[in-house]
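Engineer: I'd like to go over a predicted model; first the sequence, then the structure.
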Amino acid sequence: MDTAISHSIASPRVEHLQKRIARLKRLAKKYKRSEIIQNALLGISNIATQVTSLDDFYQRVHLHLQQLIPAENFFIASQDPKTGLTSLPFFADQQDSHPTELYPDQEISALLNSGLTGYVLRNGTPLLCDDIKFNELIASGDIKSLGSPSHQWLGVPIKNQEIVSGVLVVQSYNEANTYGELELELMGFICHHISGVMERLEHHEQLEQAIVERTKELSQAYEKVKKEITERVKAEKLQKALFEIADLSASNVLQQDFYLRLHTIMSQLIPADNCFISLINDNNMLSFPFYVSQMTTEYPASRPMQDGLTEYILEHKLPRLLSSKDIADMVANGEIYAKSPELNKTDRMHQWIGIPLIINGDIAGALTIYSLDDAHIYQFKDLELLTFVSQHMANAIERKLATESLKNSHEQLEDKVVKRTKALAELNNNLQQEINQRRKIENQLLHDAQHDGLTGLPNRSYLMERLSQALKHLRRHGLDQFALLFIDLDRFKVINDSFGHLEGDRFLIETAQRIKSCVRENDTLARMGGDEFVILLDSINATEDAIEVSDRILQALSMPYQLAKQEFISGASIGIAFSGRNKLVTSESLLRDADAAMYQAKANGKGCYVIFDDKLSAQSKLQHELEIDFKKALDQQEFKINYVEVVDFTTGEIIAIEPHIEWHHPEQGLIEHGKMKQLAAQYQLTLNIDGYIFSNLNEQYQFLKSKHGPSVYLHLSISSQHIKNKFVLRNLKQTIKSSHINLEKLILFFNEKALVQDTENHINGFELISQLGVQIGIDGYGTGYSSLSCLSFLPIKALKLDDDISKHLLNDKQLQLVKAYQLTAQTLNFDMYATTVDTQQQVRQFLELGYVRGQGRAISKLFNEKKKPHKACA
């Protein structure tokens, strides 16, 4: 009984203890799970602060999450805020394969957006979905069924600044594994960290990108500064070298030391282990004041000018950088060492630079460097640098040579001073004689300044002074009178063209003597220049006195001359102006009146005289009115442009056209191209007329091209005034560039006389114009006497004979001269054109002389006849 009682008492206590034990176990399990959750969450927090990439974060979160939640399927979907496309940066599933494998034919973003993942992305709220909820969403059309059926599906949106950027998803396939508020809270915690990590990594990525960009900017700035420093160092070295060259030129070092130091200075700028300087002496011998070479220690001796590389540079007057292949090609083509192969030592040379040295304004030598291997490759910038430095070296050499010459002169002067001092006593007796001699020299200088060097006659300056004195005398003595005779010789140009300038000078001297024999001692005979003479007939009694003198002069000048063992008949035209016609007369106006009368005499048929009167004065007025009409017509674009054909004599093919300008004056009638050019030059409107013609050519170009074909060339003769001023030249270049003309078919012709008178500006202008693709020609050829060497280095395509040449094909010498022009063009590979070919006889003459191209009335007439339709025979 006691036992039963005690058992009955113990039984409730045991049950109570068992309940407490069970409760304690549940608490221990709960605390254990809480500890696991806490550790997992701490681990996730630590991961979030440590990871450097989202992929790493997803992997490690998955490991921790498996300790907390049954995560048989775990994936993270991410949506790009810019494109709106959805991707799976992390996917782990124990049952299903990756969606791209399950649905290979569907695009992953559209696939995800059609399922539960897309539903959470659109709504932005967590979703705990079981079979019932899943079926409801499918029935409502909010989602499509994807993948294997699951027991529960839990998706929590990942938000960044309240914008949904992804979804964190877990799902279970086992009914024993269920999700609740705790799992939802854990998933929200993880999503918060994912968002933070994404924001941090994005910020980190932006920061790295900014660092990369800034690093790139700093690197570029560094490279720029580095380049500037390099250029500054080069500039400082160059400046130092130029200072040293300047100091050297003023020093008193010996000649050999001078060139050694020049070489040392140059070697600081460019490798020059092989270098020499060559100079041309007065005997046209080539000497080598400095020479250093790795090939030989033997110093070259002076030698005559031949056909070596150095002579090639001196002849072409341009710096050159040549490779071994360039040199070999030049040798093979016979450009160098054809006449002196024994001078050829270039077989070991790798590169060669030659720079002409300009001393006293002339090419007086060359600076040369060369290399034997490719240890240093010379480049074009080295050529430019050496060319620049060589100018200063040439100045230094020039100053050194001048210093040596001055030194020698001083030494000679000192010797002379010593000798003169000893002879001073003897010279005292001759002092007066020397003074007289100096006076004679001064008088001679004064005479030379006022007289023509060829004929010995007074020149224009002397005449204008005498004319001014005569007018002053006339104002004091009103009854006195004088006359002015302006004489222009006939056919003087023919003499120069046929017999040469030497015979032309002899002709002028004899003419001056003949005229002088026709005037009094108190009259003044002056040569104005060229073939023009003026006589001041002082103190005449009547106009008959001037007429009598004029008759004597015309008679004297009509007598035959003996030139080059041939008889030649000339003549003259004389204009006479008298002093008493106008009280307001001046030296210039009187000379102008006589000149106008002379031109009227030439118009009357030459070999006569004309007295300036009111009629001629009226003509002068008409000339002034013509100038006004000309300018007005130019402003109102009343000039007409015709196109002259340039034809191949052998085929009749039109190979070029040339615009000619003409003007139908209401009173004077048609004024043709040549006269228009003369008027434009007289009125200083040459540039305006050229612009007028070019503007018309540009407007008509498409029509001309369709009419004559695209292969026809355009010839345009323009004034050299376009290239004498850099601003005018710039306007010409801009006009050409902005035109619609095919510049490869345009040839600009410049006058030969202008080229000879100002070669330097033409060379510069031709080079700049050629860079546009335009070709250059010379017209008026045969009157300017340009040298062959001048033509050979100019970028010239064609030559056109002077318009007067075709009129003077009268004798064998003239024909031979014109043939020589053609041979010159053929030798220099120029196209040659005959001009003013007005008769068929001239066509035949030019063909016999070798000319195959030309233009003129005969050609235009023939071309027009070919264009007429043939009449059918009845």
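Structural biologist: Structure received.
Engineer: by contact count, what packs against whichever strand or helix holds His203?
Structural biologist: Assigned by DSSP states H and E, His203 falls within helix 181-249. With contacts taken as 3 or more Cβ pairs under 8 Å, 6 or more residues apart in numbering; DSSP states H and E, helix 181-249 sits against helix 2-50, helix 54-68, strand 152-160, strand 163-172, helix 255-267, helix 380-422. Placement of C-beta: from N, CA and C, glycine included.
Engineer: any chance you could map the helices in the stretch 501-650 of the chain?
Structural biologist: Counting by DSSP state H, counting those that start in this stretch, the stretch 501-650 of the chain has helices at residues 501-516, 543-558, 587-603, 614-635.
Engineer: Quick check: buried residues in the second one?
Structural biologist: In other words, helix 543-558. Under the neighbour-count criterion of 16 or more other Cβ atoms under 10 Å, helix 543-558 has Asp545, Ala546, Val549, Ser550, Ile553, Leu554, Ala556, Leu557 buried.
Engineer: which non-adjacent residue is nearest the second one?
Structural biologist: In other words, Ala546. Ala483 (4.0 Å; Cβ to Cβ, 6 or more residues apart in numbering).
Engineer: what's the burial count for the nearest residue to Ile796 once chain neighbours are set aside?
Structural biologist: Once flanking residues are discounted, Ile796 sits nearest to Ile776: 5.3 Å by Cβ to Cβ, 6+ apart. Ile776 has 19 neighbours, counted by other Cβ atoms under 10 Å.
Engineer: who's Ile776 bridged to?
Structural biologist: Taking DSSP bridges as the rule, Ile776 bridges to Leu748, Ile796.
Engineer: Could you check how far it is from Ala834?
Structural biologist: Note on Ile776: its distance to Ala834, by Cβ to Cβ, to the nearest Å, is 19 Å.
Engineer: List the contacts of Gln152.
Structural biologist: Leu128, Cys129, Asp130, Gln171, Ser172, Asn177, Thr178, Tyr179 (Cβ atoms under 8 Å, 6 or more residues apart in numbering).
Engineer: How is the chain partitioned into domains?
Structural biologist: Here the domain assignment for the chain is 51-206, 250-406, 443-612, 629-867, based on automatic domain parsing.
Engineer: Output those in TSV; the columns should cover mean pLDDT and distance to Lys234.
Structural biologist: Output for these, formatted as TSV (pLDDT from 0 to 100; distance: least, Cβ to Cβ, whole Å):
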stretch	mean pLDDT	distance to Lys234
domain 51-206	81	41
domain 250-406	85	8
domain 443-612	87	53
domain 629-867	88	28
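Engineer: Distance to Glu15 for these - can I get that in CSV?
Structural biologist: Converted to CSV, the domains of the chain look like this (distance: least, Cβ to Cβ, whole Å):
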stretch, distance to Glu15
domain 51-206, 30
domain 250-406, 106
domain 443-612, 152
domain 629-867, 114
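Engineer: thought Lys516 was touching Leu525?
Structural biologist: Yes - with contact defined as Cβ atoms under 8 Å, Lys516 counts as touching Leu525 (5.5 Å).
Engineer: so where do the strands sit in the stretch 251-400 of the chain?
Structural biologist: Here the stretch 251-400 of the chain has its strands, by DSSP state E, counting those that start in this stretch, at 275-280, 285-292, 303-304, 320-323, 351-359, 362-371.
Engineer: will you turn these into JSON lines that also has mean neighbour count?
Structural biologist: Converted to JSON lines, these look like this (neighbours: other Cβ atoms under 10 Å):
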{"stretch": "strand 275-280", "mean neighbour count": "21"}
{"stretch": "strand 285-292", "mean neighbour count": "17"}
{"stretch": "strand 303-304", "mean neighbour count": "12"}
{"stretch": "strand 320-323", "mean neighbour count": "17"}
{"stretch": "strand 351-359", "mean neighbour count": "21"}
{"stretch": "strand 362-371", "mean neighbour count": "21"}
